[in-house]
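Engineer: Sharing a model prediction with you, sequence too.
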Amino acid sequence: MKNFLFLFFLLISLFGSLYAQVLVAPFSVKPPLCDGIIDSSDCWNTTWIPLDKIKDSSTSHNDYFAQFQMKHNADYIFIAVKVQDATVGGSHVNTFDNDCSELYFSMDTTTLENGAYFDGCWQLRAQRVKKEARVLGYLDGYSSQYKFNIDSLAKSDGFEFGTTDNGKEYTQEFILPKTALVSGANFDDKYIRFDIEVSDNDGNYRTGQRFWNSNTDLQWSNTKFLGIVKLEHIQIELSALEVEENAPANTVIGTLSLSGDDVPAVFTLNSTDSLNDNSHFAIVNNQLVTNGGFDYESKKNYLIEVTGVDENNITYTRKFEIKVTNRPEIQLSSYSVNENEEVGALVGNVLDIFDGVLDSAYTYSIVQDENTDYNSFYVDKNSLRTNEKFNYEIKKKYSILLQRDSTIIDAINFEINDTNDPPTDVLLSNSLVSVGSGKQTLIGILSSVDEDVDETFTYSLSPDDGDFYNDKFAIDGNKLHFSADFDFINATYQVRIQTEDHAGMTFSKSFTIQVTTVNNAPTNIKLSKSVIDENMPVGSFVGRLSSIDANLDDSHTYSLVTGDLDTNNESFKIQGDSLVSNTVFDFEKQSVYSVRIQTNDRGGKTFSKAFLISINNQDEVSVDFSREIEQLLKVYPNPVNNGNLNVELLADEDIQLDVINALGEILVQTKLNVGKNRINIGQLSKGIYVLNFKKANGVSFQQKISKL
């Protein structure tokens with residue numbers, strides 16, 4: 001919808017004689033009884049607007065007056081017209097009977113450049129003698145085309161018209177359905193364009209015409225002669241809709257007002273409240289206040305109905321839902337603690353829920369509920385303290401049940417605050433250089449290990465243990481290189497390097513730089529054993545890797561790589577220099593696997609080779625032995641929610657327990673003793689883990705557990 005002020009300033013500049021009046025049409029809850037009688041029982045109780053524009057100033061209009069009102073609601077526009085004519089009984093037989101009013105509407109406030117009528121534009125004529133109103137079909141003054149069907153509005157659902165007269169005055173009432181008026185227009189229910197004309201027809205011709213906005217009857221062909229009507233929307237508003245439980249009586253919830261209306265109003269609670277919730281509230285000086293305390297656990301929502309009456313005696317009614325918000329029965333001064341704090345750090349003090357001061361009237365304790373983190377905290381008098389050192393990167397939220405004396409129990413939730421963690425390692429990509437390397441020769445790239453994501457680091461040479469040859473090196477950003485040309489007298493040089501994060505926390509480490517004549521690439525890889533039994537758990541050892549290299553003092557790292565015969569790489573993984581299983585093999589399904597392994601020396605040179613791994617067929621009777629192991633064990637709780645896993649060994653057997661993650665990595669390994677064994681897995685992330693119980697003869701049994 002175009003901006004109206006801009007539009008009409010433009011019209012004034014183009015058509016100096018045109019002027020658009022602005023009218024505010026109030027919102028009406030009560031529609032009129034459409035009988036043509038203007039009385040106090042209808043909605044017509046505001047100021048009447050005169051039709052004071054005259055078409056022909058040379059004609060006397062002292063005996064002809066007219067005025068109107070316009071209101072609306074969500075579905076209709078209401079119009080009332082009053083006309084006084086003192087020429088009754090004149091020389092013409094049809095005096096007064098032929099008088100009429102004409103209403104002009106443009107529901108689309110966009111005005112075409114030539115002012116032509118289009119969808120949503122109407123001319124409605126109501127003639128007194130016929131006591132009926134009809135919508136005229138008319139010619140568009142520019143395109144000479146009929147735009148609407150005759151009587152289409154008058155025949156629409158909801159249209160009403162009424163008229164009466166007393167010999168010297170006639171009155172008319174209109175009820176016009178908005179849906180019919182819109183008729184495809186770009187209507188936003190905020191503005192319309194409008195004018196009204198009444199005609200004094202003394203005989204068979206017009207002897208006088210009065211208008212609200214214009215002084216011409218060209219509205220029939222040009223919408224630029226229409227004024228602006230702003231459709232005001234009024235309803236009861238409440239500034240807030242929530243109240244906290246246990247709030248005392250007379251607590252203010254919110255302020256009541258009428259939207260879009262600056263006039264005062266008086267508000268009351270509806271006495272016919274069927275839900276009986278109004279009794280919990282009162283209205284004082286147009287503010288909704290409480291009549292007593294609320295208990296969130298007993299009832300959370302209240303439905304009330306408010307009535308408002310403005311200074312014009314118009315009544316408005318609206319229902320509101322008031323929500324009760326939960327207020328903890330037990331309150332703490334704080335609900336968070338920094339990570340890395342030592343055991344015993346203060347989380348918060350217990351406060352009185354009403355005055356917010358330290359509460360010493362009660363005794364508090366933590367409920368030992370397995371579904372909470374009760375082991376992570378303890379109560380010291382009326383203070384809650386930490387029972388472990390928290391790590392934000394592992395777990396961010398904790399919860400407990402806090403009990404007051406032996407009656408009140410409240411769920412308390414905590415958050416761990418992320419603080420800066422120090423670097424835990426510094427790495428160097430290469431530590432092998434050849435004789436003859438000159439000044440500024442790059443040795444390797446430095447990097448750091450830190451729990452904090454997106455951390456930044458600076459590197460420097462550290463004066464500490466292992467800094468014997470620091471003067472031979474220099475650091476540029478994250479690059480380590482020689483500081484000057486020098487003869488390589490020694491085979492190795494030791495240098496100490498420090499990494500520092502953005503908060504100034506540091507870690508330092510010594511590196512040994514090895515000097516060799518020429519770095520030769522490895523020429524072969526050996527695997528000590530290439531056979532593994534079927535049914536072995538994930539992470540089982542296959543064989544030891546070693547490299548053949550002309551540089552005898554060189555070191556090597558190993559990895560699975562793509563290339564020829566890499567078909568079963570995903571079934572294995574490398575831990576250090578060991579090839580281990582990454583699945584449980586079944587001889588009956590597949591007996592031979594192929595992998596491709598690469599060795600990297602310190603100078604970055606590589607060699608890769610394919611290996612065939614054979615699966616040994618095992619006697620399936622071992623399954624019975626695994627069931628025997630199962631009968632010796634009792635594992636609880638499952639799921640584990642407090643970090644402690646209990647395993648009871650019911651007989652004196654030599655059994656090893658491995659806790660394995662979904663990647664096949666052994667995270668915890670321990671030998672079980674007869675009786676109850678408590679295994680701490682609190683450091684593990686939430687998820688599914690496999691417990692692998694293995695006897696000395698190799699027979700094993702697996703069980704899955706959940707860590708919460």
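Structural biologist: Received, thanks.
Engineer: Flag every buried residue along stretch 301-310.
Structural biologist: 302, 304-308, 310 (16 or more other C-beta atoms under 10 Å). Placement of C-beta: from N, CA and C, glycine included.
Engineer: And those, which is closest to residue 666?
Structural biologist: residue 302 (58.5 Å; C-beta to C-beta).
Engineer: So what sits opposite the closest one in the bridge?
Structural biologist: Beta-bridge partners recorded for residue 302 (DSSP bridges): residue 322.
Engineer: In this structure it contacts residue 295, no?
Structural biologist: No. The criterion here is C-beta atoms under 8 Å, and residue 302 misses it with residue 295 at 11.8 Å.
Engineer: give the contact list for the closest residue to residue 422 other than its chain neighbours.
Structural biologist: The shortest distance from residue 422 to any non-neighbouring residue, by C-beta to C-beta, 6 or more residues apart in numbering, is to residue 505 (3.8 Å). Going by C-beta atoms under 8 Å, 6 or more residues apart in numbering, residue 505 touches 420-423.
Engineer: go on, residue 667?
Structural biologist: Per C-beta under 8 Å, 6+ apart, neighbours of residue 667: 659-661, 681, 684, 689.
Engineer: For it, give me the pLDDT.
Structural biologist: Looking at residue 667, its pLDDT is 88.
Engineer: before we move on, what about residue 214?
Structural biologist: If you check residue 214, the pLDDT there is 84.
Engineer: Could you find the closest non-adjacent residue to it?
Structural biologist: Residue 214's closest residue in space is residue 225 (C-beta to C-beta, 6+ apart), at 4.3 Å.
Engineer: if I read this right, the one you found contacts residue 212, doesn't it?
Structural biologist: No. Applying C-beta under 8 Å, one finds residue 225 not in contact with residue 212, separated by 10.9 Å.
Engineer: Overlap of the contact sets of these two?
Structural biologist: Between them, residue 225 and residue 212 share the contacting residues residue 195, judged by C-beta under 8 Å, 6+ apart.
Engineer: So if we follow the domain assignment, how does the chain break up?
Structural biologist: What automatic domain parsing lists as the domains of the chain is 4-231, 236-325, 331-417, 425-516, 524-616, 622-707.
Engineer: In terms of mean pLDDT, which of the ones you listed ranks lowest?
Structural biologist: Across the domains of the chain, the lowest-scoring stretch is domain 4-231, with a mean of 71.
Engineer: Ramachandran angles for residue 684?
Structural biologist: Dihedral pair for residue 684: phi -80, psi 150, per degrees, to the nearest 10.
Engineer: burial measure for the nearest residue to it once chain neighbours are set aside, as a count.
Structural biologist: Among residues not flanking residue 684 along the chain, residue 707 sits closest, at 5.4 Å (C-beta to C-beta, 6+ apart). Taking other C-beta atoms under 10 Å as the criterion, the count of residues near residue 707 is 19.
Engineer: same thing with residue 241?
Structural biologist: 12.
Engineer: Tell me if I'm right that it and residue 318 touch.
Structural biologist: No. Contact criterion C-beta under 8 Å: residue 241 and residue 318 do not qualify, at 12.0 Å.
Engineer: and the closest residue to residue 32 other than its chain neighbours, how far is that from residue 181?
Structural biologist: Closest residue to residue 32 apart from its sequence neighbours, by C-beta to C-beta, 6+ apart: residue 42 at 3.7 Å. Counting by C-beta to C-beta, to the nearest Å, the separation of residue 42 from residue 181 is 21 Å.
Engineer: From residue 582, how far off is residue 685?
Structural biologist: Separation of residue 685 from residue 582 (C-beta to C-beta): 20 Å.
Engineer: Those two: which has the busier surroundings?
Structural biologist: Under the criterion of other C-beta under 10 Å, the comparison of residue 685 against residue 582 puts residue 582 first, with 19 against 11.
Engineer: Now do the phi/psi pair for the more buried one.
Structural biologist: phi -120, psi 10.
Engineer: surely it meets residue 571?
Structural biologist: Yes. Because the distance of 5.5 Å satisfies C-beta under 8 Å, residue 582 is recorded as touching residue 571.
Engineer: ok, and the closest non-adjacent residue to residue 449?
Structural biologist: Residue 449's closest residue in space is residue 425 (C-beta to C-beta, 6+ apart), at 3.9 Å.
Engineer: go on, residue 324?
Structural biologist: residue 294 (4.6 Å).
Engineer: Any idea how many residues pack against that neighbour?
Structural biologist: For residue 294, the count of nearby residues is 22 (other C-beta under 10 Å).
Engineer: How about the one 5 residues further on?
Structural biologist: Other residues lying near residue 299 total 12 when counted by other C-beta under 10 Å.
Engineer: quick one: which of the contacts of residue 667 is nearest to residue 194?
Structural biologist: residue 684 (74.6 Å).
Engineer: Thought residue 705 was touching that closest one, still the case?
Structural biologist: No. With the criterion set as C-beta under 8 Å, residue 684 and residue 705 do not qualify as a contacting pair; they are 10.3 Å apart.
Engineer: which stretches of the stretch 201-350 of the chain form strands?
Structural biologist: Here the stretch 201-350 of the chain has its strands, by DSSP state E, counting those that start in this stretch, at 208-211, 227-231, 236-238, 242-244, 252-258, 265-269, 281-284, 287-290, 301-310, 315-325, 331-332, 336-338, 346-351.
Engineer: Out of these, which one sits most buried?
Structural biologist: strand 208-211 (a mean of 23; mean count of other C-beta atoms under 10 Å).
Engineer: ok, back up a step: you'd agree the residue nearest to residue 449 is up against residue 447?
Structural biologist: No. In this structure, residue 425 is not within contact of residue 447 by C-beta under 8 Å, at 9.1 Å.
Engineer: Have a look at these two and say which one is more surrounded.
Structural biologist: The neighbour comparison of residue 425 against residue 447 (other C-beta under 10 Å) goes to residue 447, with 15 against 11.
Engineer: Now that one: closest residue in space, sequence neighbours ignored.
Structural biologist: Using C-beta to C-beta, 6+ apart, the nearest residue to residue 447 is residue 427, at 4.8 Å.
Engineer: That neighbour in helix, strand or coil?
Structural biologist: Under DSSP: H, G, I helix; E, B strand; the rest coil, residue 427 falls in the strand class.
Engineer: what's the residue nearest to residue 684 in contact with, if anything?
Structural biologist: By C-beta under 8 Å, 6+ apart, residue 707 lies in contact with 639-640, 681, 684-689.
Engineer: Can you select the buried ones among those residues for me in ChimeraX?
Structural biologist: To isolate the buried ones among these in ChimeraX, judged by 16+ other C-beta under 10 Å, type:
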select :640,684,689
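Engineer: What is the most widely separated pair among the contacts of residue 707?
Structural biologist: Maximum distance among the contacts of residue 707 (C-beta to C-beta): 13.4 Å, for 639 and 685.
Engineer: Go ahead and measure how far stretch 363-376 is from the middle of the chain.
Structural biologist: 32 Å (C-alpha atoms, centre = their mean, to the nearest Å).
Engineer: Quick one: end-to-end distance for that stretch.
Structural biologist: 19 Å (C-alpha to C-alpha, to the nearest Å).
Engineer: buried ones in it?
Structural biologist: For stretch 363-376, by 16+ other C-beta under 10 Å, it's 364, 366, 372-376.
Engineer: picking up where we left off before, columns secondary structure and distance to residue 615 on top of the contacts of residue 707, output as a markdown table?
Structural biologist: Formatted as a markdown table, the contacts of residue 707 follow (DSSP: H, G, I helix; E, B strand; the rest coil; distance: C-beta to C-beta, whole Å):
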| residue | secondary structure | distance to residue 615 |
| --- | --- | --- |
| 639 | coil | 34 |
| 640 | strand | 34 |
| 681 | coil | 31 |
| 684 | coil | 31 |
| 685 | coil | 32 |
| 686 | coil | 34 |
| 687 | strand | 29 |
| 688 | strand | 26 |
| 689 | strand | 25 |
